[in-house]
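S.K.: Return a 3D structure for these sequence lines:
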Amino acid sequence: MEKLDISYLYKNAKSLKGKDVSVAGWVRSVRNSKTFGFIDLNDGTCFNGVQIIFDQNKIDNYDAVASLIAGSSIIVSGKLVLTPEAKQPFEIHAEKVTIVNQTDETYPLQKKQHSVEFLREIAYLRPRTRLFNAVFRIRSVASFAIHEYFQNNGYVYVNTPLITTTDCEGSDQMFKISALDFNNPPLTKNGKIDFSQDLFGKMSYITGSGQLHGEAFAQAFSKIYTFGPTFRTENSNTKTHSNEFWMIEPEIAFCDLDSLMDIEESMLKSVVSAVLEKCSVEIAYLDSFIAPGLKEKLTKLVKSNFVRIDHHDVIDILKQANVKWEFEPTYDGDIAKEHEKYITSYFDGPVFIKNWPKDIKAFYMKTNADNKTVAAVDLEVPGAGELMGGSQREEDYDKLIARCKAMKVDMDKIDWFINLRKFGSCVHSGFGMGFERLVMYLTGVDNIRDAIPFPRTPNTCDY
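M.R.: Prediction:
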């Protein structure tokens, strides 16, 4: 008999009423009532499992099945019975249960609530829990929705290099790579490591962003996006930082800052809508047990009009607020988490903060006419703070050169990037969004370590 996915049974239960079916999966729990028992079986094809009824008069290995514990893998054949009066819409009355692999008492996932801290220690098993089954299914759906949005809107997907000699974040935050013998590296006359003898003939890094390479492709295809892993050496143990994470980075030619914000808003609403539609069961579970109000928050975002406000005006609001700030807001500085939370509450929705002080932003951002600010924008969302960061890029060759000199940027490493301003340059813009930050927002989990399958954070590089 052909094995069916449990997700298929949920979609076709009425037409399968009374028919013989076969399913395979992992036991979540077993209840034994001496002459009959119940198995909660899940195969991972959907969030909900299926209830299996096994009877000692119908299967010949009743005692062995009754002694199963969580985590065991089995194959079940039996009749599908509709149960509209019960919690589950149907169940399977087993006629044969084949034990594929029986777990023993060392299996660490018991029928109780485990802390997320404990589950991080067994990251290879945590996808079997309801919490992480929901989180990682939403991550999958959100990933596809991102690709779907850009593909449907004419963007070219570009795989920018993971190994690079240039980066817009600066090499002090980049992992260095080498094929040299660390125990006996070649040295220069000055006693320093001679990277000219390394594999690439120079110092190389693992990328922290695909933006610079993305800009080159945007000026050939007009609209491109990258979606891949990025790496930073930042030694931070906060809930929102990870040394390995995934980034979405679109770059768009003939696009100014206002148009960029249109795209950011449209893309985010599209992805959130897809998750609400395709992961309704997972959202309902998370809403009930992990993050009360999650569904309402996401639904409200889709219906919101995102506010657009200058950084200077945000500081005015913060200074006028009747709040004792831990970090005093300043016109020439960044804004803190407490400020992000206040401003989204003040406007009761997502907020684009634009036109930031020039001195705290990157060299490639477009300098505004006031020569004090740059055409940069951060999107702040309720409950998560900053979700996206972007800017209009400096398209003027001379202005970019001047900005690089002022910020002491090593132009020899990015000469090709600067040359783009000589070869058909145009107004262009782009943004970046950390995918794990988005997953946190979509699921309500409050730690980035729980939004990525195998987290890489300081002192944590397991599996």
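S.K.: drop to CA atoms for contacts and neighbour counts, all remaining ones
M.R.: Noted.
S.K.: Please list all residues in contact with I138.
M.R.: Each residue near I138 by C-alpha atoms under 8 Å, 6 or more residues apart in numbering is listed here: V275, C279, E282, V439, L442, T443.
S.K.: can you tell me which residues contact the fifth one?
M.R.: The one in question is L442. I138, V272, V275, L294, L298.
S.K.: Pull the contacting residues for the fourth one.
M.R.: L294 makes contacts with I283, L286, D287, L442, T443, G444, as judged by C-alpha under 8 Å, 6+ apart.
S.K.: At which residues are the strands of the stretch 201-350 of the chain located?
M.R.: Under the criterion DSSP state E, counting those that start in this stretch, the stretch 201-350 of the chain contains strands at 204-206, 223-231, 244-253, 307-310.
S.K.: Let me have those strands in CSV, extended by mean pLDDT, distance to K366 and mean neighbour count.
M.R.: Output for those, formatted as CSV (pLDDT from 0 to 100; distance: least, C-alpha to C-alpha, whole Å; neighbours: other C-alpha atoms under 10 Å):
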stretch, mean pLDDT, distance to K366, mean neighbour count
strand 204-206, 92, 26, 21
strand 223-231, 97, 19, 22
strand 244-253, 98, 14, 24
strand 307-310, 98, 15, 15
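S.K.: out of those, nearest to N12?
M.R.: strand 223-231 (35.2 Å; C-alpha to C-alpha).
S.K.: which strands and helices sit next to the closest one?
M.R.: strand 156-157, helix 211-221, strand 244-253 (3 or more C-alpha pairs under 8 Å, 6 or more residues apart in numbering; DSSP states H and E).
S.K.: Nearest to N183 among these would be which one?
M.R.: Across those, closest to N183 is strand 244-253 (C-alpha to C-alpha), at 26.7 Å.
S.K.: quick one: that closest one to helix 211-221, angle?
M.R.: In terms of direction (axes from the mean of the first three to the mean of the last three C-alpha atoms, to 10 degrees), strand 244-253 departs from helix 211-221 by 30 degrees.
S.K.: where does the stretch 101-250 of the chain have low pLDDT?
M.R.: For the stretch 101-250 of the chain, residues meeting the criterion pLDDT under 70 lie at 167-171.
S.K.: quick revisit: to S72, which of the helices and strands packed on strand 223-231 lies closest?
M.R.: Closest approach to S72 among the helices and strands packed on strand 223-231 (C-alpha to C-alpha): strand 244-253, 32.4 Å.
S.K.: contacting residues around the closest one?
M.R.: 209-211, 214-215, 218-219, 222-232, 426-436, 452, 455-457.
S.K.: rerun that using 6 Å as the cut-off
M.R.: Strand 244-253 has contacts (C-alpha atoms under 6 Å, 6 or more residues apart in numbering) with 215, 218, 222-231, 428-435, 456.
S.K.: now do stretch 420-439
M.R.: 139, 246-255, 388-393, 395, 397, 451.
S.K.: Got the phi and psi for the nearest residue to N237 once chain neighbours are set aside?
M.R.: If the residues on either side of it in the chain are set aside, N237 comes closest to P458, at 6.8 Å by C-alpha to C-alpha, 6 or more residues apart in numbering. With angles defined as degrees, to the nearest 10, P458 sits at phi -50, psi 130.
S.K.: neighbours of P458, just the number please.
M.R.: P458: 14 surrounding residues under other C-alpha atoms under 10 Å.
S.K.: try Y107
M.R.: With other C-alpha under 10 Å as criterion, Y107 counts 12.
S.K.: do the same with L119
M.R.: With neighbours defined by other C-alpha under 10 Å, the count for L119 comes to 18.
S.K.: Checking it next. Helix, strand or coil?
M.R.: Secondary structure of L119, reduced to three states by DSSP: H, G, I helix; E, B strand; the rest coil: helix.
S.K.: Alright, I will stop here.
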